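> this one's sequence-less:
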DNA sequence: GATATGTCGCTTTTT
DNA sequence: GCGACATATC
């Protein structure tokens, strides 16, 4: 009770004395962070509600828990490791635990640190806690992803690592561009030493919380002996750009906590309880960060499943979960083993696969269910047939015409692939049969060129030190500024020790630029100044809370809102005009996207807030319109569940991925196996695994071997299903291939023969003995004979005559107007007249064969 | 400096 | 079989 009184008092204090920037003052900083201005009333109301709840706490949320879950929820103090198998209700337990902490008065909402890996998980947790408590939990500012929590902390203490609190968060693209510059400056061949690779190395160092000074000599000498050196230079550049990358968010906070014990102690005291979701996915930096924060009271509850650790390639350490008990002696370990999601066969099949892994903490999943279909296994001739078959299955199940099975909504069905390039086959097929689908994790809205360009403008306006953004916009739209002019500006900036915007100013003033370049840059600078003056810096970083990142700022009526500002930036810069004048068929779509971007701004108070959101939340759960089949990667599917799941492409090299095995050997293979486990356990009622004998890889036909994971499935839980509803499509396939082949490359293409290796594996999988397989084999042979070898020569197909309708990938459809040798003059329907080499276009009727 | 064509390398997985 | 980047040509 005394504590509660204190809480209320300090809360009141926080309202009277705003927190100073970047300082820690326990009495007010956290309060301000968690419960500033507008929340005061609801916060106080909640305090009251809880106090009354203390009299007769409503703990009905405990009633629906099973004994293990209940134990995990009620063991509030001290370290707890919750080993939660797939579908065992771990989110339920986790949220009940938060509710319990609040309900028993152990902590106030803003004293609980709860971290997840994805924004989705964070959102779900927030929603479910709210549902349990019967009202919105407004004061849980520290429930979020590792990254978003760290951004909040880092904004407050930025100066401790020589940053300003309005630092920019760079995405991978910016990171790569920056590294490229450094590699070029170091005078080594960027071809042989690609920036991507360096980025990967730096990432892995950061994941292990290694600053340049801590990288071992051996590792640092990688990358042509320059690894650490470039890393150090990169960090220096980030500092001058006032920017951080993703890894820095964690690493800087670890550094700060390690260096400033007093600050750490204050945070240790503040975060009374710590909860961690998906603990098996934590990397070393995250682990250290958690260990530092939990170091005082050790009230840390980690939830995870070692069998679902699938992010080793990103630096996740399964070891973290395996040694939890050593890190936190006396830890209580609770196993959640009752599965509420899948039918017995699905569960058994998944267990039989994962049993192949060593070093497991070991869990025995069980279910009270008794009914259910076996896992289905289907072999196909090639990837396109696989897609066709899946499409037909989905249609049948959607129509409710599958024997023994109920009718399913398209939303109930998902296709989970190993690698995103597998998605195309399904997309193509579904488009041609008009089966609605949604792709999760595809190219994202915010990664589109026009969106990144627009955001680069916003970035420069918000944070003028952001040279990368400036480089992006300086000649977009064209202002007559080429490489030469940009170089002059860079030199001017460097020799004066200023950012590129200022460098450009100097270059204009000193007459370094001439003609078009000069006037173009001068105009841009004038525009930037005007926009900047209109952009009120409404954020006071360091005093923010989860909902309102913004201090109340008295608006000058002369000032304009950020939405209007954004529109003006895009118009006045000429960026909108640029796309309006663009004749490419995709230009209208890009303008649409820009409109959407401006619309998205409505949800934010200002440009800076928007930029931060975009940097951290690369969500794209748009398109909730109507039923759709979901297509996504296995990684993306973790944490989700679907009544019907298709797992295509179970072939050696693809799944398990060759690369994974080459790079990480047995460890890599085991991670792939866990991925298989994750995939199977996503299914509630029906799980269908498939593989193809042939697949096109890099445009080359390759024969495939059925995956070793197929051998590992327990036979008694699997039905070998014959592909059905096929036949008579040889002509279509040949035509399809010709359509592709007539494209740009057009070299010769030979269809592989049916591989005997495949047959051997198939025999093991018992496919070979099934009537379905025999039929398929026959059919395959029928199809195979007219098909390969097909030799296509681009030149041969390029005999056009005047008046022919043709198709070009970029320019769309058009008509041949003139022919000079192998050059055609084509009048495109939407892109004007162009002169092109014949090999670049295909007859319009052939193009019709190719979806899009 | 901008455009059209050629070349290379590549595909896991993402906060 | 695609896109990023380099080169050639205007």
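The structure has been received and is ready for your questions. It should be emphasised that the depicted structure is a prediction, and the values quoted were computed from it without experimental measurement.

> what sits against the residue lying closest to residue A:325 once chain neighbours are set aside?
Leaving aside its chain neighbours, residue A:325 sits nearest to residue A:331 (5.0 Å; criterion: Cβ to Cβ, 6 or more residues apart in numbering). Placement of C-beta: from N, CA and C, glycine included. Shown in contact with residue A:331 (Cβ atoms under 8 Å, 6 or more residues apart in numbering): A:78-81, A:324-325.

> mind checking what helix or strand follows the biggest helix by length in chain A in sequence?
Among the segments of chain A that qualify as a helix by DSSP state H, the longest is helix A:658-680. Downstream of helix A:658-680, the next assigned helix or strand under DSSP states H and E is strand A:683-697.

> pull the distance from that next one to the chain's centre.
Computed by Cα atoms, centre = their mean, to the nearest Å, the chain-centroid distance of strand A:683-697 equals 23 Å.

> can it be found next to DNA strand C?
Yes: judged by Cβ under 7 Å from any atom of the strand, strand A:683-697 and DNA strand C are in contact via residue A:696.

> and that strand with helix A:658-680, angle?
160 degrees (axes from the mean of the first three to the mean of the last three Cα atoms, to 10 degrees).

> I'd like the distance from whichever helix or strand comes after strand A:683-697 to the chain centre, please.
Note on strand A:683-697: by DSSP H and E, the next helix or strand toward the C-terminus is strand A:700-703. Put simply, strand A:700-703 sits 30 Å off its chain's centre (Cα atoms, centre = their mean).

> pull out the buried residues from strand A:700-703.
For strand A:700-703, the neighbour count (16 or more other Cβ atoms under 10 Å) marks A:701, A:703 as buried.

> one more: stretch A:658-672?
Of all the residues in stretch A:658-672, those buried under the rule 16+ other Cβ under 10 Å are A:660-661, A:668-672.

> repeat that for stretch A:100-111.
For stretch A:100-111, by 16+ other Cβ under 10 Å, it's A:100-103, A:105-111.

> measure it end to end?
Terminal residues of stretch A:100-111 lie 14 Å apart, using Cα to Cα, to the nearest Å.

> one more: stretch A:235-247?
Termini of stretch A:235-247 sit 11 Å apart (Cα to Cα).

> what are the contacting residues of it?
A:147, A:154, A:162-164, A:166-172, A:174-175, A:178, A:182, A:202-203, A:206-207, A:211-212, A:248, A:252, A:285, A:463, A:465-468, A:499.

> near DNA strand B, from the residues you listed?
Okay, of the contacts of stretch A:235-247 touching DNA strand B (Cβ under 7 Å from any atom of the strand), that's A:147, A:172.

> can you select the buried ones from the contacts of stretch A:235-247 in PyMOL?
Buried residues within the contacts of stretch A:235-247, by 16+ other Cβ under 10 Å, are selected in PyMOL with:
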select buried, chain A and resi 147+154+163+166+167+168+169+170+171+174+175+178+182+202+203+206+207+211+212+248+252+285+463+465+466+467+468+499
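
> OK, contacts around residue A:322?
A:306, A:359, A:361.

> before we move on, back to that, filter the contacts of residue A:331 down to the ones in helices?
Short answer: these in helices (DSSP H) are A:324-325.

> from the contacts of residue A:331, pick the one nearest DNA strand B.
Using Cβ to the nearest atom of the strand, residue A:324 comes nearest to DNA strand B of the contacts of residue A:331, at 21.5 Å.

> quick one: residues contacting that closest one.
Neighbouring residues of residue A:324 by Cβ under 8 Å, 6+ apart: A:79, A:81, A:279, A:302, A:331, A:333.

> which among those residues gets closest to DNA strand C?
residue A:279 (35.5 Å).

> so how far is residue A:429 from the residue lying closest to that closest one once chain neighbours are set aside?
In space, and not counting its chain neighbours, residue A:279 is closest to residue A:304: 3.4 Å by Cβ to Cβ, 6+ apart. Residue A:304 is 37 Å from residue A:429, where distance means Cβ to Cβ, to the nearest Å.

> how many other residues sit next to whichever residue of the stretch 351-500 of chain A sits closest to DNA strand B?
The nearest approach of the stretch 351-500 of chain A to DNA strand B comes at residue A:482, 2.1 Å away (Cβ to the nearest atom of the strand). Neighbours of residue A:482 under the rule other Cβ atoms under 10 Å: 12.

> okay but it is in contact with residue A:517, surely?
Yes: contact criterion Cβ atoms under 8 Å: residue A:482 and residue A:517 qualify, at 7.3 Å.

> need the buried residues of stretch A:100-111 in a markdown table (columns: distance to DNA strand C and pLDDT).
Putting the buried residues of stretch A:100-111 into a markdown table (distance: Cβ to the nearest atom of the strand, whole Å; pLDDT from 0 to 100) gives the following:
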| residue | distance to DNA strand C | pLDDT |
| --- | --- | --- |
| A:100 | 49 | 90 |
| A:101 | 47 | 90 |
| A:102 | 47 | 88 |
| A:103 | 51 | 86 |
| A:105 | 54 | 86 |
| A:106 | 51 | 90 |
| A:107 | 47 | 88 |
| A:108 | 47 | 87 |
| A:109 | 43 | 88 |
| A:110 | 42 | 88 |
| A:111 | 45 | 91 |
